[in-house]
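**Q** Dropping the sequence and predicted coords here.
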Amino acid sequence: MAKKLFLPKIDEDLWQRFIGTFDFEEQFAFGLSSQDAQKYVALKNIKLSDRYYIWDYNYKLPETLLNLHEILAVTQTLYIFKHDQLTRIIASKNVVWKPRVLKICNLNISALELSEIIGSFTKEIKLKAMNPNIAFAEIIKNAPNIEVLKIFYKALKMNNVTWLEDLYKYKEGKNFRQLYIHLDTIEFDVEMLKKFVMTKSANGVSIRIVYSAFTEQKEFHRFADKMSKLFVETSFDSISKDVPSICLEIDHFQLSNVYTDI
């Protein structure tokens, strides 16, 4: 659901009949989309929050912020930093997690806990210094409508052979916009990347793949030649915002190559 749902000018009685065709979960999701939507779907005791932080500094547990029987619904951006009661917070029956944007930094979170706070509603995920035991594929499976994914350093367990295949397999829709990822090995399936760009991505998709500063430059150039067989090598300055851009980079811009499919 969009942050501010547009409700067209339709007779109120017609709205009620239309929403009456939704099942319970559809009505719930519709009601969470905006305060205006709650005029048509009665979500009693629901308090919407478009931005929510979980961190140690001066953090208050959800139940301390709510009245009796009230439920907090986080619908836009969720920031998670370090907190010694994270498991309790995520499992709280006082909170409904429906964030479109999730940002996690410096945290040991389990795959099960992560699955409780992401879903088809999640569009953007940024992970930094996170538990590396969570598999890359699990993120895409649980958030199939993802449009922006940024994974800094070894924040996830990456399968260097299948990560692109997993992204292509589990991503739904043709609207992927941005990928930032660190890889341990240079080689990946270039043909699968081409397929992903053509069939699962928005026109101006930006893909940035970063390698360790210790990467052998000979290997980098060898793989860059392979990329050039399916993509057009270019420069940052010459790429339009309306066409795909793919950057292969050795950390800290020691060496970089830029490609497009046009």
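**A** Perfect, I can see it now.

**Q** mind listing the strands for the stretch 101-250 of the chain?
**A** Ranges of strands within the stretch 101-250 of the chain are 101-107, 124-130, 148-152, 176-183, 201-211, 232-234, 245-250, based on DSSP state E, counting those that start in this stretch.

**Q** Could you measure from S238 over to I250?
**A** 21 Å (CB to CB, to the nearest Å). Placement of C-beta: from N, CA and C, glycine included.

**Q** For the two, indicate the residue with more neighbours.
**A** I250 (19 against 9; other CB atoms under 10 Å).

**Q** Touching, that one and I209? I think so.
**A** No - counting by CB atoms under 8 Å, I250 does not reach I209; the two are 10.4 Å apart.

**Q** Now render the strands of the stretch 101-250 of the chain as TSV, adding distance to L114 and mean pLDDT.
**A** Shown next, in TSV, are the strands of the stretch 101-250 of the chain (distance: least, CB to CB, whole Å; pLDDT from 0 to 100):
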stretch	distance to L114	mean pLDDT
strand 101-107	8	86
strand 124-130	9	87
strand 148-152	13	93
strand 176-183	17	94
strand 201-211	23	94
strand 232-234	37	92
strand 245-250	27	93
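
**Q** Quick one: these as CSV, columns for distance to R51 too.
**A** Putting the strands of the stretch 101-250 of the chain into CSV (distance: least, CB to CB, whole Å) gives the following:
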stretch, distance to R51
strand 101-107, 9
strand 124-130, 13
strand 148-152, 17
strand 176-183, 21
strand 201-211, 25
strand 232-234, 38
strand 245-250, 30
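
**Q** Domain map for the protein?
**A** Taking automatic domain parsing as the domain assignment, the ranges for the chain are 7-43, 158-262.

**Q** and the shortest one, average pLDDT?
**A** The predicted model assigns domain 7-43 a mean pLDDT of 66.

**Q** which one of the strands of the stretch 101-250 of the chain lies closest to E191?
**A** strand 245-250 (13.5 Å; CB to CB).

**Q** strands paired with that closest one, and their directions?
**A** strand 201-211 (parallel), strand 255-260 (antiparallel) (DSSP bridges).

**Q** Looking at these, which is nearest to A224?
**A** Ranking the strands paired with strand 245-250 by distance to A224, with CB to CB as the measure, places strand 255-260 first at 4.7 Å.

**Q** Dump the closest one to CSV, restricted to CA.
**A** Presented in CSV, the C-alpha positions along strand 255-260 are these (Å, rounded to 0.1, in the frame of the first residue of the first chain):
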residue,chain,number,x,y,z
LEU,A,255,39.0,0.5,-10.0
SER,A,256,35.5,0.6,-11.5
ASN,A,257,33.7,-0.3,-14.8
VAL,A,258,30.2,1.0,-15.8
TYR,A,259,27.8,-0.7,-18.1
THR,A,260,24.4,-0.2,-19.6
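
**Q** in that strand, what counts as buried?
**A** Buried positions in strand 255-260, judged by neighbour count with 16 or more other CB atoms under 10 Å: L255, S256, N257, V258, Y259, T260.

**Q** ok, now stretch 186-203?
**A** Applying 16+ other CB under 10 Å to stretch 186-203 flags I186, F188, V190, M192, L193, K194, F196, V197, K200, S201, A202 as buried.

**Q** what's the answer for stretch 235-248, then?
**A** So stretch 235-248, judged by 16+ other CB under 10 Å, has buried residues I239, P244, S245, I246, C247, L248.

**Q** what's the neighbour count on the closest residue to S201 other than its chain neighbours?
**A** Spatial nearest neighbour of S201, chain neighbours left out: F176 (4.4 Å); criterion: CB to CB, 6 or more residues apart in numbering. For F176, the count of nearby residues is 24 (other CB under 10 Å).

**Q** F176 and T199, how far apart?
**A** For F176 relative to T199 (CB to CB), the value is 10 Å.

**Q** Between these two, which contacts overlap?
**A** Contact criterion CB atoms under 8 Å, 6 or more residues apart in numbering; residues shared by F176 and T199: none found.

**Q** where along the stretch 1-150 of the chain do the helices fall?
**A** 12-19, 24-32, 86-90, 111-117, 136-142 (DSSP state H, counting those that start in this stretch).
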